[in-house]
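Participant: below are the sequence and a predicted model; questions follow.
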Amino acid sequence: MRFYVSIAFLDIREAVEVARAADELGFDGIGIPDHVVNLETLATPYPYTDDGRRRWKPFTPWPDPWVMIGALAPVTTRVRFITTVYIPAMREPYSAAKAIGTAAVLAAGRLDLGVGVGWCRDEFELLGRPFERRGARTDEMLTLMQQLWQPGWTDFDGEFFSAPRLEMEPTPPPIPIYVGGLSDVALRRAARHDGWIGDLISTDEAVARVARLAELRAERGLSMEDFTVITPLTDAFLPEHFARAEAGGIDGVITMPWMYYSPPNCSTADKIDGMARFRRDMQLD
């Protein structure tokens, strides 16, 4: 089982210290979320809570993930970085591909691109991007960006985007693509790529989705051996809980280890102490 520390909602400078400590303590990765803005009023209900309310308060930090990785890569040596999740369809593909590829180079290949199609129509409209058909546009963007990340010349002629013969440098190391989302459509999209990222769900719910992903992969003649499943879990607190999740096909867990011992607004020192304590309590050392 791999353990990823989420830096969601942390002050930027604190996130750097937490990432540095995660690297030194032996955690496997850092989870970095994505929103461009946080609108005061939304017409779109938040889909991941029962009452539609967002999980964060106004004025919570949402740093750009690629700038954040550029800051974290030089102060770490082993942790991987994964976006949880980045919304390509809110951007244009060339600037997005350039930022992601540059971050991958700076991280020396320690970058996994976690993507989603997005839920917030309000944010799409503010950024001048159509909310409709965002899934199809995401698929085409991923295809285009993967071509832009290859060495040599590229040309592209798609439904939404086209490019004359061009090249984009620097050429990054391989960038695995993991797809987030809980719906069957999201699972189908994930099955076509390198992995799936879940949301806050129970172990049983996650294991059921692993089984569905195995079915979808089998339909495409693919196995689960080279496919990665990463998710937060709402009911994993003890080593045996994580062992059960791993036995069910879950490869990695995204967590805030200090939350097992301290309130969310605890000091940076308490967060780092909680991370060390988590590793001891979960028998990871």
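Facilitator: Yep, that arrived. Numbers count the residues shown, from 1 in each chain.
Participant: name the residues of stretch 114-123 that are buried.
Facilitator: By neighbour count on 16 or more other C-beta atoms under 10 Å, the buried set for stretch 114-123 is 114-120, 123. To be clear about C-beta, it is placed using only N, CA and C from the backbone, and glycine gets the same treatment.
Participant: and P58, what element?
Facilitator: P58 belongs to no helix or strand when assigned by DSSP states H and E.
Participant: distance-wise, check it relative to D34.
Facilitator: P58 is 18 Å from D34, where distance means C-beta to C-beta, to the nearest Å.
Participant: okay, the buried residues of stretch 114-123 in TSV with pLDDT next?
Facilitator: Shown next, in TSV, are the buried residues of stretch 114-123 (pLDDT from 0 to 100):
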residue	pLDDT
G114	98
V115	98
G116	98
V117	97
G118	96
W119	96
C120	96
E123	97
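Participant: what's the closest of those residues to Y261?
Facilitator: G114 (26.8 Å; C-beta to C-beta).
Participant: helix, strand, or coil at the closest one?
Facilitator: strand (DSSP: H, G, I helix; E, B strand; the rest coil).
Participant: can I assume it is in contact with R80?
Facilitator: No - assessed by C-beta atoms under 8 Å, G114 is found out of contact with R80, at 10.9 Å.
Participant: so P58 and D34 - more neighbours on which side?
Facilitator: Neighbours were counted for P58 and for D34 using other C-beta atoms under 10 Å; D34 has more, 22 against 8.
Participant: strands along the stretch 51-200 of the chain, start to end?
Facilitator: Applying DSSP state E, counting those that start in this stretch to the stretch 51-200 of the chain gives strands spanning 80-83, 111-115, 154-157, 162-166, 177-180, 195-197.
Participant: got CSV for those strands, with distance to R279 too?
Facilitator: Formatted as CSV, the strands of the stretch 51-200 of the chain follow (distance: least, C-beta to C-beta, whole Å):
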stretch, distance to R279
strand 80-83, 17
strand 111-115, 22
strand 154-157, 43
strand 162-166, 46
strand 177-180, 24
strand 195-197, 22
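Participant: now do the helices in the protein.
Facilitator: 12-25, 65-72, 93-106, 121-126, 134-148, 184-191, 203-219, 239-247, 268-281 (DSSP state H).
Participant: format those helices as TSV; extra columns: distance to T84.
Facilitator: Formatted as TSV, the helices of the chain follow (distance: least, C-beta to C-beta, whole Å):
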stretch	distance to T84
helix 12-25	13
helix 65-72	9
helix 93-106	14
helix 121-126	17
helix 134-148	16
helix 184-191	14
helix 203-219	15
helix 239-247	17
helix 268-281	18
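Participant: nearest to A96 among the buried residues of stretch 114-123?
Facilitator: Closest to A96, out of all of the buried residues of stretch 114-123 and judged by C-beta to C-beta, is V115, at 10.2 Å.
Participant: now do the contacts for that closest one.
Facilitator: Contact analysis of V115 by C-beta atoms under 8 Å, 6 or more residues apart in numbering lists 83, 85-88, 138, 142, 177-180.
Participant: and which of those residues is nearest to E167?
Facilitator: Among the contacts of V115, and counting by C-beta to C-beta, the member closest to E167 is L142, at 19.0 Å.
Participant: now the closest one, nearest residue through space, not along the chain?
Facilitator: I177 (6.2 Å; C-beta to C-beta, 6 or more residues apart in numbering).
Participant: quick one, what contacts that neighbour?
Facilitator: 112-113, 115, 142, 146, 193-195.
Participant: which PyMOL command selects the buried ones in these?
Facilitator: Of the contacts of I177, the buried ones go into a single PyMOL selection, burial set by 16+ other C-beta under 10 Å:
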select buried, resi 112+113+115+142+146+193+194+195
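Participant: most widely separated two among the contacts of I177?
Facilitator: Q146 and G195 (15.0 Å).
Participant: which among the strands of the stretch 51-200 of the chain is found nearest to M256?
Facilitator: Here strand 80-83 is closest among the strands of the stretch 51-200 of the chain (C-beta to C-beta), at 14.7 Å.
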